[in-house]
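# what's the 3D shape of this:
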Amino acid sequence: MSIPTKRACDACHRRKVRCNSRQPCGNCSQAGLSCTYDAIPQKKGPKGSRAKVISELRETQKQSDLTSMMLQDGKDSYGSPPQSPTQYARASGLLTHELIEGCTDFFFTQMYPTMPILYRDQIRHAVGEMGHSVESYCLITSFLAFMLIQPGIVLKTGHLMDQPAGSVTNPRMGSVLMEEAIRVRKGYDYVESPTVNTVISSFFLFGCSFGLNKHNTAWFHLREATALAQILGMQDENTYMFDNVIETSRKRRLFWLLFVTERAYALQKHRPLTLHATISLPTVDQDPTNYSLAGFIYLVNLYRPFDDNFIGLWNKSRTDCSPLTLARLQQQLTEALPQFLNTTESQAADLRTSQQWLRTMVWQLSIANGFLSSTSPDTSMTFRFPIEIAKDLVEVTRQFSKQSMEVHGIGLIEKVFDVACTLIDVMSCVPLESRKFEPGPQEYLNSLLTLISTLRGGESRFVPLVMAKIRDTLPAIGSLLPQLLIEKYNGSGHLGKRAERSGQQVEFKQENSGGSSSAGSSPFETPPFMHYYPLN
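Here you go, the predicted structure:
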């Protein structure tokens, strides 16, 4: 490479210091910076702090090094930077053919029935346009980030940075891709001129943030997705009159997916709603693929009753709650799904788990309003109802493979977690009947704990919370938990002081033997209801 003798390198030019024009120059060698001569000369401006500039240069080069780690074998990649460098130039080496194909195959094999918003041809078209379309680049980048952050994904690749071949996921790489999509997206005005792909990108960024447990960011991107959908008029039936059948179906499914997601998130995190059931559902056979939309429509109908009225009561912005309304909603949820579902296994896992979780949420609202009684003829309005819910959840989840549940990521695990925590609250306050030859609440709790601990992403995030709740609410059952969990958490501070083995018996030395919980002990977003209401 021929370098003009009087030209300063990029770093020296940025720092406004004399450069000897060597490769590398003396200043870069001393400061530990990469020495390049790639920048196009800019107009002169005010000088800045040299120390600050060095820090910025090192941070920029550190990010570049992280990007280069993504492609260690030198294979072909997408996303080459444009000819003229800009603030939002796309990073090279991030999007390999192998990564795109692996994520695409997994999505359509395992996740499409629950998220029927992309087509293979649509992805191929976007990949082909990435070189000159920022929107297409952001769609693919956010899609890959979303896939990599999912705990249940298994890619047949050994190029996910430092993870071995066939690894479950790589949140680190997913985070880098997420930040890349957000950064490049700032380079065009997607808010003023949104498209369907813009909405999908925002939805994927929500999913990334949710998977990374960044819930302020997740809420922002979900609201962004619903706002963009409304800008496009997706909430208006007239919008769908002039599109072709395939595009109309895709937009409808995207609207209803956002509808379901927003309601689930509103229940989990006490958020308000923006979307309402203002358009028709897609028909069961209105899909260009071989998949039936029956499972997707079941999912929409499960969440449809959780409207502004219910969310207002849930968020305590309304107080006009009636026991009859909640009892009817419980009956509606019980009858919402047929005994035999004509869906894929992964859809069935999501539907059955969501059904039991929603029953739990309605029960929580019932007890929060003082509507429950030990003598009610309606079991859904009694204190023991969560035991029945836990029993039903344990029975249905035993029918499903681990992978069919893991593809739904952290969201499904969190629902199982909520059911388990509610069961613990009930066990701490309701006299438990002992039936010698039948499983009871303890067995249901053990099964739910085992399920949470075996699903990828569950053990690290949720098991410690459940164990802490048991320690604070119901420490007496510590020795009855699954043996593997006792051995893992003994002495860790999560369950009593320490577990001591005496023969085959494990005894927990408790800090206290009380069974009541304190007001701040529950890991729910909602309060530990059983603490506040008498059992009458």
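
# drop to CA atoms for contacts and neighbour counts, all remaining ones
Noted.

# avg pLDDT for stretch 467-478?
Mean pLDDT, computed over stretch 467-478, is 82.

# starting at the chain centroid, how far to it?
In terms of C-alpha atoms, centre = their mean, to the nearest Å, the centre of stretch 467-478 is found 27 Å from the chain centre.

# likewise stretch 432-451?
Counting by C-alpha atoms, centre = their mean, stretch 432-451 comes out at 29 Å from the chain centroid.

# ditto for stretch 174-182
With C-alpha atoms, centre = their mean, you get 15 Å for stretch 174-182.

# Give me the contacts around it.
67, 90-91, 94, 137-139, 141-142, 144-149, 205, 208 (C-alpha atoms under 8 Å, 6 or more residues apart in numbering).

# again with stretch 102-117
Taking C-alpha under 8 Å, 6+ apart as the rule, stretch 102-117 contacts 118, 120, 144, 147-148, 153-157, 200, 250-251, 253-254, 257, 291-293, 295-296, 344, 346-347, 404, 407-408.

# filter the residues you listed to the buried ones?
118, 144, 147-148, 153-155, 200, 250-251, 253-254, 257, 291-293, 295-296, 344, 346-347, 404, 407-408 (16 or more other C-alpha atoms under 10 Å).

# got any ranges where the stretch 1-150 of the chain has weak pLDDT?
1-6, 31-32, 40-93 (pLDDT under 70).

# got the residue ranges for the helices in it?
10-15, 26-31, 50-69, 97-106, 120-129, 134-149 (DSSP state H, counting those that start in this stretch).

# buried sites along the second one?
Judged by neighbour count using 16+ other C-alpha under 10 Å, the buried positions of helix 26-31 are 26-28.

# Tabulate the CA atom coordinates of it in CSV.
In CSV, the C-alpha atoms belonging to helix 26-31 read as follows (Å, rounded to 0.1, in the frame of the first residue of the first chain):
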residue,chain,number,x,y,z
GLY,A,26,5.2,5.7,16.5
ASN,A,27,2.1,7.3,18.2
CYS,A,28,-0.2,4.3,17.5
SER,A,29,2.5,1.8,18.7
GLN,A,30,2.9,3.7,21.9
ALA,A,31,-0.9,4.1,22.5
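
# contacting residues around residue 241?
So residue 241 contacts nothing (C-alpha under 8 Å, 6+ apart).

# same question, residue 232
The contact partners of residue 232, by C-alpha under 8 Å, 6+ apart, come to 194-196.

# from those, which is closest to residue 307?
The closest of those to residue 307 turns out to be residue 196 (C-alpha to C-alpha; 24.7 Å).

# Now that closest one. Nearest residue, chain neighbours left out?
Closest residue to residue 196 apart from its sequence neighbours, by C-alpha to C-alpha, 6 or more residues apart in numbering: residue 251 at 7.2 Å.

# pretty sure the one you found is touching residue 234, no?
Yes - taking contacts as C-alpha atoms under 8 Å, residue 251 lies within contact range of residue 234: 7.1 Å.

# got the phi/psi numbers for residue 341?
Dihedral pair for residue 341: phi -100, psi 130, per degrees, to the nearest 10.

# Start at 10, not 1
Got it, the first residue is 10 from now on, which makes the last one we talked about residue 350.

# Test my guess that it contacts residue 359.
No - taking contacts as C-alpha under 8 Å, residue 350 lies outside contact range of residue 359: 11.7 Å.

# More neighbours: which of these two?
For residue 350 versus residue 359, the count of surrounding residues by other C-alpha atoms under 10 Å is larger for residue 359: 22 against 15.

# Return the residues in contact with that one.
Taking C-alpha under 8 Å, 6+ apart, one finds 414, 417, 421 in contact with residue 359.

# quick one: secondary structure of the last one?
In the three-state summary, residue 421 is assigned as helix, counting by DSSP: H, G, I helix; E, B strand; the rest coil.

# Which residues are in contact with it?
359, 362-363, 414-415.
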